[in-house]
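Asks: Structure of the sequence below:
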Amino acid sequence: MSIPSQKVSSSNKLIYQRLKQALELNLRRQIFIAACDDLCLRDCLAARLEAELTATATGDIFRSPIAIGRFVSLQLNLGDPNPWGAIAAWLTENPPPQNSRSYSPLPGFQILGVEHLTRHSAAVQWSFLSHLRDIETHMQVWESTLLLWVSRPWLSSIEQSAPEFWHWRTGVFEFEGEPTPSPRHWDFGERQELGEECLSSLSPVTNSPLLTPNSPSTTSNSQSIELADLALPTPAQELTAYNRAAEAENVQELQTLQYIELLQENQCFSESLALAYQSLGSCYRDRIQAGDPSWQNLTIAIGAIEQVIQYLQIDPHEHQNQPLTPKCALLIDEFKHHLSQYIQESNNLLPISDLCNDLGTLYWMLSRLQPSYTEGNDTEEPTTLDPVFCLFRSIGIYREGLNKKDGSLTLQTRARFNKNLGIALAELARYQDKTENLQQAVTAYQQALLDIDSRTEPQQYAAAQNNLATAYWSLAQDGQPIVYLKSAIAAYSQALTCYNPSTEPLNYAGVQNNIGTACWNLAQHQPEEILLVRAIAAYREALKYRTRELVPAAAAATQNNLGTAYWHLANNFQQQRARTASLQQAILAYETALDIASQLDRTQLTFDTLAARSNLGLAHYQLATDPDFAANKAAQTQHLEAALHHQLQVCAAWEQHLQDKELTYGDKLNLQSDDANSQAIDGRQTALSYIVKTIRAFYSECGLPGQNLALSKVPGDLLPEILRRL
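Replies: Predicted coordinates:
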């Protein structure tokens, strides 16, 4: 094992020395856990341990004064994540010399690769934890030292979900380091978030004041010129029928900009100018609400509303209007006449709280735009702002609006501010300070619910409860899962009371699906059969309204969720007969999910179809090896054939991915930085292990004819690799 280069901090060096000294003792039945989120650092430390602790067979001088024998690094087999089985297999392949009379120290083992489990289904993750919980069985014959490398989230999961293993631990060593980016934890495909885009009015800031104008005459004039540049069509645009219609729509906006420029030239810093900017912002806001949230429309709307707020904050005693010449007065009157339906009367200016709400939401919407590049832009500067900056602006504006003391902050406005503040904070949690921002989002949602009457505003109340539940669900992924998941279920249940399935079937079904997902997740940390039963009931209720005819993608996702809940119920709680029935229900749900998915484009799907197909194959395999099927060879063979068919399809899909990338298994060492390709290689190896396992079941259940039948179904190019494993 080569030692990668990595700068190690002094604190990590100290922890490493302590770990090394503990391993050098080579005592019997020692279980150590090392937690490190920085995978490069982890690889460096693991390689150094192996190099420094391994005693060679050629009689070289040990680096340690104590003979500890070999120290072996093993990668966790993600197809069968059983560390005990991996160690037993290594010991079988590497027996001690039988003719040696000298004492041979016991080898020590370190297990790597646990972090890759996050890219696999919950079934695989649960299998790994189950193997850890079986430690007492293995400790009866265990003699060696074991070091298990994990990430901090997995350290927490082991402590909570594998207490038997945690009890046997000899020591835990936590290294410092920034987490290596990795895919999200496996979940059930989709989580419906009923967020609200309350364009006003609109609804997500910095902690500084909104706007502090320096010189209204210069700042505002330059701002109007920038807005005019954005609003004017570019010469390169082809004058198609569509563009002619768009140009006609732009006439009033351009005339409004001309009117603004005229007012500014004559230093008319009055409500008329604020009203003109408000009219311009409203035009573009209406376009956004109509379904065109382009960077151009958002930027113009933001600039216009910022100008309205700026003029409303100007002290009229500091900036007296200049007297107009008769000619300017006549021009202004003409503009006002032509734009009378767009330029409203001064008493129709929006309250500043509504303007802040609109502005905050426009920044929030701008943060969600995918980066795009202007055609012909050699510097490839993105036409969207940094999402974190936009979210900070949004959050700051909402908080500023909540602090307004001008009497415009009604209960409804305050509830809207807090609800949208929660949405923006939850969005910011995707980029930084996840736990802190989510906790602040929870507080904002709770404040919003205090101002919403569920009887008079059921839609607003349900949306806030659903978003609160989703924030709790996200918090549960990083710590205190039982507490946060119970809170999520309670909030989802409150949201459900506001939805009538006869009038709002999809919202009702979406919340039912969320309840099922939260119950399933809670069952991973608090294993109780009732939680899975409740999850199954919620999914079935959701499927009454999430039909394949109405919302096929959502129906497929919920069917996949239902299959996993049945699979988990069958493998953890039920007696033999009920277990068989649950596996059959899991098979039916997985088949339905995959059948619907086959009719849809991949971009429409919110769950991993390969994981679903692999789970389907495993369910068939489990039924085939069930003692109840031993007497029915026809049914047994049918399930084994189905299991083999699905795992071969999964293997072929991963193989195709690698071929598309022109990669082979031998390239794996070069793919450590490419998660997608690494996932494909791991996925193919997992599928191969299931294929081998199924062929062995053919032999054990049906003899040599059964094995020959299985091998006849394996593609020729795969046979050599399969036969080597057999």
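Asks: Where does the prediction get shaky in the stretch 51-200 of the chain?
Replies: Applying pLDDT under 70 to the stretch 51-200 of the chain picks out residues 55-69, 96-105, 119-123, 140-141, 178-200.
Asks: quick one, strands of it?
Replies: Counting by DSSP state E, counting those that start in this stretch, the stretch 51-200 of the chain has strands at residues 71-75, 108-112, 145-150, 171-174.
Asks: Let me know which of the ones you listed is tucked in deepest.
Replies: Most buried of the strands of the stretch 51-200 of the chain, by mean neighbour count (mean count of other C-beta atoms under 10 Å): strand 145-150, with a mean of 24. Every residue, glycine included, has its C-beta placed from N, CA and C.
Asks: What are the buried residues along the helix or strand harbouring Leu19?
Replies: Per DSSP states H and E, Leu19 falls inside helix 10-24. Residues of helix 10-24 classed as buried by neighbour count (16 or more other C-beta atoms under 10 Å): Asn12, Ile15, Tyr16, Leu19, Lys20, Ala22, Leu23, Glu24.
Asks: Can you add pLDDT and give these back as TSV?
Replies: Formatted as TSV, these follow (pLDDT from 0 to 100):
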residue	pLDDT
Asn12	85
Ile15	89
Tyr16	89
Leu19	89
Lys20	87
Ala22	82
Leu23	84
Glu24	80
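Asks: For Gly479, state which of those is nearest.
Replies: Ile15 (22.0 Å; C-beta to C-beta).
Asks: For the helix holding Leu19, list the C-alpha coordinates in CSV.
Replies: This file holds the C-alpha atoms of helix 10-24, laid out as CSV (Å, rounded to 0.1, in the frame of the first residue of the first chain):
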residue,chain,number,x,y,z
SER,A,10,0.2,18.6,15.0
SER,A,11,-3.0,17.6,16.7
ASN,A,12,-3.6,14.8,14.2
LYS,A,13,0.0,13.6,14.6
LEU,A,14,-0.6,13.3,18.3
ILE,A,15,-3.9,11.3,17.8
TYR,A,16,-2.1,9.1,15.2
GLN,A,17,0.7,8.3,17.7
ARG,A,18,-1.8,7.4,20.3
LEU,A,19,-3.7,5.1,17.9
LYS,A,20,-0.4,3.5,16.7
GLN,A,21,0.7,2.8,20.3
ALA,A,22,-2.6,1.2,21.1
LEU,A,23,-2.4,-1.0,18.0
GLU,A,24,1.3,-2.0,18.8
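Asks: what's the angle from that helix to strand 71-75?
Replies: 110 degrees (axes from the mean of the first three to the mean of the last three C-alpha atoms, to 10 degrees).
Asks: so Ala495 is in which element?
Replies: Per DSSP H and E: helix 481-496 holds Ala495.
Asks: Now do the buried residues in that helix.
Replies: Burial within helix 481-496, assessed by neighbour count using 16+ other C-beta under 10 Å, is assigned to Pro481, Tyr484, Leu485, Ser487, Ala488, Ile489, Ala491, Tyr492, Gln494, Ala495, Leu496.
Asks: Just put those residues in JSON lines and tack on pLDDT.
Replies: Converted to JSON lines, those look like this (pLDDT from 0 to 100):
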{"residue": "Pro481", "pLDDT": "89"}
{"residue": "Tyr484", "pLDDT": "94"}
{"residue": "Leu485", "pLDDT": "94"}
{"residue": "Ser487", "pLDDT": "95"}
{"residue": "Ala488", "pLDDT": "94"}
{"residue": "Ile489", "pLDDT": "95"}
{"residue": "Ala491", "pLDDT": "94"}
{"residue": "Tyr492", "pLDDT": "94"}
{"residue": "Gln494", "pLDDT": "94"}
{"residue": "Ala495", "pLDDT": "92"}
{"residue": "Leu496", "pLDDT": "92"}
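Asks: quick one: which two of these are the most distant?
Replies: The span of the buried residues of helix 481-496, defined through C-beta to C-beta, is set by Pro481 and Leu496 at 21.7 Å.
Asks: taking the mean pLDDT, what do you get for stretch 433-452?
Replies: Averaged over stretch 433-452, pLDDT sits at 93.
Asks: How about stretch 650-657?
Replies: Mean pLDDT, computed over stretch 650-657, is 81.
Asks: to the chain's geometric centre, what's the distance from it?
Replies: Taking C-alpha atoms, centre = their mean, to the nearest Å, one finds the center of stretch 650-657 at 24 Å from the center of the full chain.
Asks: List the buried residues for that stretch?
Replies: Val650, Cys651, Ala653, Trp654, Glu655, His657.
Asks: Which residues are in contact with the residue nearest to Pro83 when sequence neighbours are not counted?
Replies: Closest residue to Pro83 apart from its sequence neighbours, by C-beta to C-beta, 6 or more residues apart in numbering: Ile111 at 4.9 Å. Taking C-beta atoms under 8 Å, 6 or more residues apart in numbering, we find Ile111 in contact with Leu74, Gln75, Leu76, Pro83, Ala86, Leu146, Leu147, Leu148, Trp149.
Asks: How about the fifth one, nearest residue that isn't a chain neighbour?
Replies: If you skip the residues right next to it in sequence, Ala86 has Leu74 as its closest partner in space, 5.0 Å away by C-beta to C-beta, 6+ apart.
Asks: Could you list every helix and strand in contact with the helix or strand Ala565 falls within?
Replies: For Ala565, the host element (DSSP H and E) is helix 552-572. On a contact count with 3 or more C-beta pairs under 8 Å, 6 or more residues apart in numbering; DSSP states H and E, helix 552-572 meets helix 122-133, helix 505-525, helix 529-543, helix 576-597, helix 609-624.
Asks: circling back to that earlier point, ok, of the buried residues of stretch 650-657, which one's closest to Asp601?
Replies: Using C-beta to C-beta, Ala653 comes nearest to Asp601 of the buried residues of stretch 650-657, at 16.1 Å.
Asks: mind checking which helix or strand of this protein has the lowest mean pLDDT?
Replies: Least confident helix or strand of the chain, by mean pLDDT, DSSP states H and E, is helix 216-231 with a mean of 47.
Asks: what's the closest of the helices and strands packed on helix 552-572 to Asn348?
Replies: Asn348 lies closest, by C-beta to C-beta, to one member of those: helix 505-525, at 34.1 Å.
Asks: Leu709 contacts Tyr699, correct?
Replies: No. Leu709 lies out of contact with Tyr699 (C-beta atoms under 8 Å); the separation is 10.1 Å.
Asks: coming back round to it: identify all residues paired with the residue nearest to Pro83 through a beta bridge.
Replies: Counting by DSSP bridges, Ile111 is bridged to Leu74, Leu148.
Asks: Next, the distance between the ends of stretch 159-174.
Replies: For stretch 159-174, the first-to-last residue distance is 14 Å (C-alpha to C-alpha, to the nearest Å).
Asks: buried sites along that stretch?
Replies: For stretch 159-174, a neighbour-count test (16+ other C-beta under 10 Å) marks Gln160, Ser161, Ala162, Phe165, Trp166, Trp168, Arg169, Val172, Phe173 as buried.
Asks: coming back round to it: tell me the helices and strands packed up against the helix holding Leu19.
Replies: On a contact count with 3+ C-beta pairs under 8 Å, 6+ apart, helix 10-24 meets strand 30-35, helix 39-53, strand 145-150, strand 171-174.
Asks: Tabulate those in a markdown table, adding columns for distance to Ile536.
Replies: Formatted as a markdown table, those follow (distance: least, C-beta to C-beta, whole Å):
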| stretch | distance to Ile536 |
| --- | --- |
| strand 30-35 | 34 |
| helix 39-53 | 37 |
| strand 145-150 | 31 |
| strand 171-174 | 37 |
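Asks: Of all these, which one is nearest Gly703?
Replies: strand 145-150 (38.1 Å).
Asks: Mind giving me the packing neighbours of the closest one?
Replies: Using 3+ C-beta pairs under 8 Å, 6+ apart: strand 145-150 touches helix 10-24, strand 30-35, helix 39-53, helix 83-93, strand 108-112.
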